[in-house]
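Sequence plus predicted model, see below.
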Amino acid sequence: MSNVERNGDEFIVDANLLASAFDLTPDDVRTRIRNGHITSLCEAGQDEDEGRWRITFYAGARALRLIVDRDGTHLSQSTFPVRARTRDIATGR
């Protein structure tokens, strides 16, 4: 599997890519996603960014942002600090 694959309207991101970005093991990544400690946001590009998606993963006070095309080809990535997010289980936000 490449780092990012497209499956219909969804993207599948390899746990190894997230593990490397957040200094975790792939198993830790899977557990933290299941527990809501790693969250994500996927945004479709518009206008000149049509055909690209920005996928941002949040883990504690760090974020990983991936830019991918319609085939899931990994175009770029960056990591940066963010304010630690907490997830409200009732609203999912």
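Cool, the structure landed. Numbers count the residues shown, from 1 in each chain.

can we go C-alpha only for contacts and neighbour counts from here?
Noted.

didn't residue 5 look like it was pressed against residue 70?
No - counting by Cα atoms under 8 Å, residue 5 sits too far from residue 70 to count as a contact (9.5 Å).

neighbour-wise, which of the two wins?
A side-by-side neighbour count of residue 5 and residue 70, using other Cα atoms under 10 Å, places residue 5 first with 18 against 15.

In terms of helices and strands, where is the more buried one?
Taking DSSP states H and E as the criterion, the element that holds residue 5 is strand 4-7.

what's the average pLDDT for that strand?
With pLDDT averaged residue by residue, strand 4-7 scores 90.

Note down every partner strand of it and its orientation.
Here strand 4-7 is paired, per DSSP bridges, with strand 10-13 (antiparallel).

Just the C-alphas of stretch 21-33, formatted as PDB.
Presented in PDB, the C-alpha positions along stretch 21-33 are these (Å, rounded to 0.1, in the frame of the first residue of the first chain):
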ATOM      1  CA  ALA A  21       4.900  12.100  12.100                       C
ATOM      2  CA  PHE A  22       3.700  11.700  15.700                       C
ATOM      3  CA  ASP A  23       6.600   9.600  17.000                       C
ATOM      4  CA  LEU A  24       4.400   6.700  17.800                       C
ATOM      5  CA  THR A  25       4.200   3.000  16.800                       C
ATOM      6  CA  PRO A  26       1.600   2.000  14.200                       C
ATOM      7  CA  ASP A  27      -0.300   0.100  16.900                       C
ATOM      8  CA  ASP A  28      -0.400   3.200  19.100                       C
ATOM      9  CA  VAL A  29      -1.800   5.200  16.100                       C
ATOM     10  CA  ARG A  30      -4.600   2.700  15.500                       C
ATOM     11  CA  THR A  31      -5.400   2.600  19.300                       C
ATOM     12  CA  ARG A  32      -5.500   6.400  19.500                       C
ATOM     13  CA  ILE A  33      -7.700   6.800  16.400                       C
END
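
Give me the residues contacting it.
The set of residues external to stretch 21-33 that reach it, using Cα atoms under 8 Å, 6 or more residues apart in numbering, is 15-16, 18-19, 38-39, 59, 62, 64, 79.
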